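*Asks:* Pasted the sequence and its predicted model underneath.
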Amino acid sequence: MVEAAREPGPTRDSIAGRLAGDGVNYMLAQWVDIHGTPRCKGVPASALDQFLGGSAGFAGAATVGMGQGPHDHDLIGMPDVATYTVVPWETGLARFACDIQVDGQAWPYCSRTALRRQVDRLASLGYSMKVGVEAEHMLVTRGPDGSIAPFDPTGYDTLQKPCYDFKSFAANMDYLRTLVGYLERLGWEPYASDHEDATAQFEINWKYADALETADRYTFFKMMTNQVAQRYGAIATHMPKPFSHLTGNGSHFHFSLWSGDENVFIDPTDSRGLGQSELAYHFLGGLLAHTRALSALIAPTVNCYKRLSVGAYLTGARSGFTWTPAFITYGDNNRTQMFRTPDPGRFECRVVSGAVNPYLGIAGFIAAGIDGIERRLDPGEPHIGRNMYETSLPDARREGLRFLPQSLSEALDEFERDEVVQGGLGPQLAAEFLKIKRTEWVRYHSDVSRWEVDQYLTLF
């Protein structure tokens, strides 16, 4: 297959014209560290030419996972002018997503560069990847002692099953309408927002886009929720599991492959009955084969694994479910499967956490999916109509079902053994990711929690 010709991108003059037309006098040079945390430097619009030439420098050792010590040369944020975004919650401000370079060369520890590389690999096969995200997050408040509580100023958000509840939704409608209005101004085509399964938990959906654009948008959306929530006296958190008794925050990926304007995942004659093509099943086969290693990227924190429960009786969620499958299966339009088929022509991965660095997560997906295509991997038959939440671990083992790692440490072991998923990041970034995350696990495992004190202090 031959990749479709790309449209010419914006030029320096067209960007200068847009800055002037939009009344922008200040710009954000924005990139992400290894966690996906947005990092920025402010640049006056009058310095556009210097910015485009590489004036936005950063000390890499002052951030996380960028492969630098205090003696190294500056990280340079090179703006991708196609990401020009007028910041809707401020006046006169625009954001550019940046790729990181050092001494004029692409920096191998840059998450966005890693995803670019995988997008280019896919393009060499004649395909592009479209991705949509379900951006779940919570509003919380923090007390003087550091403890957090769900943000519920009206006192209505108290139901055991609050999902779609009108009163709880209405109490935060102004916050949601503000966000949706901003997304409309940005041209992202939002189409739904709702109260989710936990107290003060919300989701906003907007139209899918190319993989890199979706990663840029999701990063910007997290920046937006942070700023808008402050107006209402709340903190917006995408933390996977802020409360042990409430459902956690996911970031479900919906994905498909395209050739030009054609969705090549669609096949109405699919014998499995899901409307998916042979190519789609091979891509999915790659994801299923590498899922245990991918979990380190799509569930990259200690806290993520408190969402993953085997069996409904272990959910730790007041509503009764975590809505996060633990078994490595796929099926039809069934939320208990790890990979769901909501419509012909796309799959949804329901394990992805709100803590995901979208650049690394999507890069891992592409690397695993390409392996499935190249080896023509078969995902097996779908699980139709089965409630996987009712499947116990012993039952799953008897059936030969595989399940997700149950801790970050276990996921990192799988990642370290998987050359394909590591290849999605590149050797330097993969090694840095392992180093940072191994340290995170050790620090967590060495900390004595309140639960341990309550459980063991007087037991012996």
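*Replies:* Cool, got the structure.

*Asks:* wait, doesn't Gln68 sit right on Ala61?
*Replies:* Yes. Using CB atoms under 8 Å, Gln68 is in contact with Ala61, at 4.9 Å. Where C-beta positions appear, they are placed from N, C-alpha and C, glycine not excepted.

*Asks:* Those two: which has the busier surroundings?
*Replies:* Gln68 (19 against 14; other CB atoms under 10 Å).

*Asks:* Report whether the more buried one is found in a strand, as I expect.
*Replies:* No. Assessed by DSSP: H, G, I helix; E, B strand; the rest coil, Gln68 does not belong to a strand; its assignment is coil.

*Asks:* Kindly provide the distance from the closest residue to it other than its chain neighbours to Thr158.
*Replies:* For Gln68, ignoring the flanking residues on the chain, the nearest one in space by CB to CB, 6 or more residues apart in numbering is Gly60 at 3.1 Å. Taking CB to CB, to the nearest Å as the measure, Gly60 and Thr158 are separated by 46 Å.

*Asks:* Between the two, point out the one with more neighbours.
*Replies:* Neighbours were counted for Gly60 and for Thr158 using other CB under 10 Å; Gly60 has more, 22 against 12.

*Asks:* Domain-wise, how is this structure divided?
*Replies:* 15-107, 124-434 (automatic domain parsing).

*Asks:* Quick check: which of the ones you listed is buried the most?
*Replies:* domain 124-434 (a mean of 20; mean count of other CB atoms under 10 Å).

*Asks:* Can you get me the start-to-end distance on that one?
*Replies:* Distance between the two ends of domain 124-434: 29 Å, counting by CA to CA, to the nearest Å.

*Asks:* Tell me where the model's unsure across this structure.
*Replies:* 1-9, 309-320 (pLDDT under 70).

*Asks:* can you tell me which strand in the protein is longest?
*Replies:* strand 93-102 (DSSP state E).

*Asks:* Can you list the strands that it pairs with?
*Replies:* On the basis of DSSP bridges, the sheet neighbours of strand 93-102 come out as strand 26-32 (parallel), strand 75-79 (antiparallel), strand 85-86 (antiparallel), strand 105-106 (antiparallel).

*Asks:* mind putting those strands in TSV, distance to Asp197 included?
*Replies:* Shown next, in TSV, are the strands paired with strand 93-102 (distance: least, CB to CB, whole Å):
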stretch	distance to Asp197
strand 26-32	28
strand 75-79	38
strand 85-86	31
strand 105-106	41
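
*Asks:* quick one: which of those strands is nearest Gly143?
*Replies:* strand 26-32 (29.8 Å; CB to CB).

*Asks:* need the next SSE after that closest one, C-terminal direction.
*Replies:* The helix or strand immediately downstream of strand 26-32 is strand 38-44, counting by DSSP states H and E.

*Asks:* residues in contact with the helix or strand just after that next one?
*Replies:* Proceeding N to C from strand 38-44, the next assigned helix or strand is helix 48-52, under DSSP H and E. Applying CB atoms under 8 Å, 6 or more residues apart in numbering, the external contacts of helix 48-52 come out as 12, 15-16, 19, 27, 29, 43, 79, 81, 96.

*Asks:* ok, for Pro427, nearest residue in space, not its chain neighbours?
*Replies:* Closest residue in space to Pro427, ignoring its immediate chain neighbours: Pro108 at 7.8 Å, by CB to CB, 6+ apart.

*Asks:* what's that neighbour in contact with, if anything?
*Replies:* Counted by CB under 8 Å, 6+ apart, Pro108 has contacts 67, 114, 426-429.

*Asks:* from those residues, which single one is nearest Glu90?
*Replies:* Glu90 has its nearest neighbour among those in Ala114, at 29.7 Å by CB to CB.

*Asks:* Unless I misread the structure, the closest one falls within a helix.
*Replies:* Yes. Judged by three-state DSSP, Ala114 forms part of a helix.

*Asks:* neighbours around it, how many?
*Replies:* There are 26 residues near Ala114, going by other CB under 10 Å.

*Asks:* That one against Leu425, yeah?
*Replies:* Yes. Counting by CB under 8 Å, Ala114 touches Leu425, with 5.1 Å between them.

*Asks:* what touches both of the two?
*Replies:* 360, 363.

*Asks:* Leaving out chain neighbours, which residue sits closest to Met27?
*Replies:* Val43 (4.6 Å).

*Asks:* For Gly17, which three-state class applies?
*Replies:* From three-state DSSP, the assignment for Gly17 is helix.

*Asks:* separation between it and Val24?
*Replies:* 11 Å.

*Asks:* Kindly report the same for Arg292.
*Replies:* Distance from Arg292 to Val24, by CB to CB: 45 Å.

*Asks:* Could you pull out the helices in the stretch 351-460 of the chain for me?
*Replies:* 358-375, 393-399, 408-417, 419-425, 427-446, 450-456 (DSSP state H, counting those that start in this stretch).

*Asks:* for the longest one, packing partners?
*Replies:* Spelled out, that is helix 427-446. helix 291-298, helix 408-417, helix 419-425 (3 or more CB pairs under 8 Å, 6 or more residues apart in numbering; DSSP states H and E).

*Asks:* could those be laid out in CSV, adding distance to Lys130?
*Replies:* Converted to CSV, the helices and strands packed on helix 427-446 look like this (distance: least, CB to CB, whole Å):
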stretch, distance to Lys130
helix 291-298, 18
helix 408-417, 26
helix 419-425, 18
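
*Asks:* between those, which one is nearest to Gln227?
*Replies:* Using CB to CB, the nearest of the helices and strands packed on helix 427-446 to Gln227 is helix 291-298, at 25.8 Å.

*Asks:* and the helices of the stretch 351-460 of the chain as TSV, adding distance to His73?
*Replies:* Shown next, in TSV, are the helices of the stretch 351-460 of the chain (distance: least, CB to CB, whole Å):
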stretch	distance to His73
helix 358-375	23
helix 393-399	50
helix 408-417	29
helix 419-425	22
helix 427-446	15
helix 450-456	44
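
*Asks:* Out of those helices, which gets nearest to Ser244?
*Replies:* The nearest among the helices of the stretch 351-460 of the chain, by CB to CB, is helix 450-456 at 8.8 Å.

*Asks:* got the CA positions of that closest one in CSV?
*Replies:* Provided in CSV are the C-alpha atoms of helix 450-456 (Å, rounded to 0.1, in the frame of the first residue of the first chain):
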residue,chain,number,x,y,z
ARG,A,450,-2.3,3.2,57.5
TRP,A,451,-3.9,-0.1,56.5
GLU,A,452,-0.9,-2.1,57.6
VAL,A,453,-0.9,-0.3,61.0
ASP,A,454,-4.6,-0.9,61.5
GLN,A,455,-4.3,-4.6,60.4
TYR,A,456,-1.2,-5.7,62.3
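
*Asks:* Not counting its own residues, what contacts that helix?
*Replies:* Outside helix 450-456, no residue is within contact range by CB under 8 Å, 6+ apart.
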